[in-house]
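# give me coordinates for this.
(one chain, ligands or ions: 1)
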Amino acid sequence: MSEQTLIIVKPDAVKRNLAEEILSRFEKKGFTISKQKTLNFTTEMANEFYSAHSAKPFFDELVSFITSGEVVAAIIEGDNAVSRTREIIGHTNPKEASSGTIRGDFGISITENSIHASDSSESFDKEVDVIF
Ligand code: CMP
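Numbering: from 1, shown residues only. Next up is the predicted model:
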């Protein structure tokens, strides 16, 4: 079933000029990028975007990092886009992510893990409203 998901290429990857290479991985897998934009998260946007994590001990670090520089946001469309995108990006912690996944290949740490992707269609609906 064709569906949409949202990815955010995070500041650590944008700084290393990896955004194009990361986006091309989705196109090579047959997905379409229907919207794309470069932006800086404000603290208010970050609080809303990551509200599910607001009680976590790493929340302040997460907000501080995502607001630290430019990000590239994109809507990815295709069959089973939510679950397949999660496979393509790999484990949250780059140290545990397989080689060949985006976080396995480019991630630096659990905070500087290069990319975010919606974990469900419900998360996509909420996240897309913050960004687009
Ligand atoms: P992301 O997919 O953007 O969604 C929430 C983020 O929180 C996640 O990527 C990680 O960067 C971060 N995160 C998750 N778990 C931890 C943790 N234990 N310590 C620090 N950051 C974390």
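# how about the helices in the protein?
For the chain, applying DSSP state H gives helices covering 11-15, 19-28, 43-49, 59-66, 81-89, 102-106, 121-131.
# and of those helices, who's closest to residue 35?
For residue 35, the closest of these is helix 121-131, at 8.7 Å, according to C-beta to C-beta. In this view, the C-beta of every residue, glycine as well, is placed from N, C-alpha and C.
# near the ligand, which residues of this protein?
53, 58, 62, 92, 110, 111, 113, 116 (C-beta under 6 Å from any ligand atom).
# make CSV out of those and add distance to residue 39.
Compiled in CSV, these are given as follows (distance: C-beta to C-beta, whole Å):
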residue, distance to residue 39
53, 20
58, 22
62, 17
92, 23
110, 23
111, 19
113, 19
116, 13
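# can you turn the buried part of those residues into a PyMOL selection?
Buried residues within these, by 16 or more other C-beta atoms under 10 Å, are selected in PyMOL with:
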select buried, resi 62+110+113+116
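# can you lay out the residues of the chain next to the ligand as TSV showing pLDDT and distance to residue 41?
Output for the residues of the chain next to the ligand, formatted as TSV (pLDDT from 0 to 100; distance: C-beta to C-beta, whole Å):
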residue	pLDDT	distance to residue 41
53	97	14
58	98	16
62	98	11
92	98	19
110	98	18
111	98	14
113	98	16
116	98	11
